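Engineer: All I have is the shape, not the residue letters:
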């Protein structure tokens, strides 16, 4: 069991959330808060990836999607899977 100390302001916020009836326990409040933080981190990562992709596009750093490229990527993925490699989380979250 982990014990944490929080400010009186944070404790009051948790107490208010519990009293609202939306949460059954402090653990429920914490679980929801951590879930939202994880979601925010995923969105920030996605946003950074999109900005990077836009910058690459503006610089002309594009790869044309062709049937040959698709076959090549599929073969590479199958080989990595055969070797037991885990997919990049950006590809398979």
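Structural biologist: Received the coordinates, thanks. Please read these numbers as outputs of a predicted model, since none were measured by experiment.

Engineer: Quick check: residue 30 vs residue 3, distance?
Structural biologist: 13 Å (Cβ to Cβ, to the nearest Å). For glycine as for every other residue, the C-beta is placed from the backbone atoms N, C-alpha and C.

Engineer: So which of the two has more stuff around it?
Structural biologist: residue 30 (13 against 4; other Cβ atoms under 10 Å).

Engineer: What helix or strand is the residue most central in space within the chain located in?
Structural biologist: Most central in the chain under Cα atoms, centre = their mean is residue 42, positioned 2.7 Å from the mean C-alpha point. Using DSSP states H and E, residue 42 sits in helix 26-58.

Engineer: Mean confidence (pLDDT) on that helix, please.
Structural biologist: For helix 26-58, the mean per-residue pLDDT is 95.

Engineer: Which helix or strand lies directly C-terminal to that helix?
Structural biologist: Counting by DSSP H and E, what follows helix 26-58 is helix 67-82.

Engineer: avg pLDDT for that following helix?
Structural biologist: 93.

Engineer: buried ones in the helix holding residue 42?
Structural biologist: residue 29 (16 or more other Cβ atoms under 10 Å).

Engineer: what's it packed up against?
Structural biologist: Contacts defined by 3 or more Cβ pairs under 8 Å, 6 or more residues apart in numbering; DSSP states H and E place helix 26-58 against helix 8-19.

Engineer: Please point out which parts of the helix it packs on sit buried.
Structural biologist: residue 17.

Engineer: outside of it, which residues touch it?
Structural biologist: Applying Cβ atoms under 8 Å, 6 or more residues apart in numbering, the external contacts of helix 8-19 come out as 6, 23, 25, 26, 29.
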